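> Fold the stuff below for me.
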Amino acid sequence: MLDDLFSQIDAHHYKEQLLADVDYVVVGQLCVAKTHRGLGLVQQLYAHFRASLSTNYPYLITDVDNKNPRSIKAHIKTGFEIIGTLHYGGSDWHIVLWDWAKG
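A predicted model of the protein is given here:
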């Protein structure tokens, strides 16, 4: 499944460049318990990733189930943008990319 995910991400373009030709970081699914939602944990974790990895990688990429609007909203709020979609595991997923140069 992960090989398919990377292959599908690599096939997308961002800023007119094929992602297969760029070094980037992929993050797996984040799960926040209902009791801890609304505390900014997603933004804090992504801020840590940025502080730790942005000097070596221009983008952080993950995928979000399109049936999860709460997660999509949290990712957009963090700075991600939807660059494409893919289908696996019986669901459609948004590929989201955070361009660290944009802020």
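> going forward, measure contacts between C-alpha atoms and count neighbours the same way
Will do.
> backbone phi and psi for the closest residue to Ala20 other than its chain neighbours, please?
Of all residues not flanking Ala20 in the chain, Asp10 sits nearest, at 4.2 Å (C-alpha to C-alpha, 6 or more residues apart in numbering). Main-chain torsions, Asp10, degrees, to the nearest 10: phi -60, psi -30.
> quick one: contacts for Asp10?
Taking C-alpha atoms under 8 Å, 6 or more residues apart in numbering, we find Asp10 in contact with 18-21.
> same check, this time on Val32
Going by C-alpha under 8 Å, 6+ apart, Val32 touches 41-42.
> From Tyr14, how far out is it?
29 Å (C-alpha to C-alpha, to the nearest Å).
> again with Ile95
Note on Ile95: its distance to Tyr14, by C-alpha to C-alpha, is 11 Å.
> So between the two, which is more surrounded?
The neighbour comparison of Ile95 against Tyr14 (other C-alpha atoms under 10 Å) goes to Ile95, with 22 against 12.
> Quick check: bridge partners of the more buried one?
Beta-bridge partners recorded for Ile95 (DSSP bridges): Asp63, Gly84.
> what ranges do the helices span in this protein?
With helices called from DSSP state H, the chain shows them at 2-10, 41-53, 69-78.
> right, and the ones you listed - which one's nearest Ala101?
Among those, the nearest to Ala101 by C-alpha to C-alpha is helix 41-53 (10.5 Å).
> which residues touch the closest one?
So helix 41-53 is contacted by 30, 32, 74, 78, 100 (C-alpha under 8 Å, 6+ apart).
> at 6 Å instead, please
Residues outside helix 41-53 that contact it (C-alpha atoms under 6 Å, 6 or more residues apart in numbering): Thr78.
> Can you check what angle separates that helix from helix 69-78?
40 degrees (axes from the mean of the first three to the mean of the last three C-alpha atoms, to 10 degrees).
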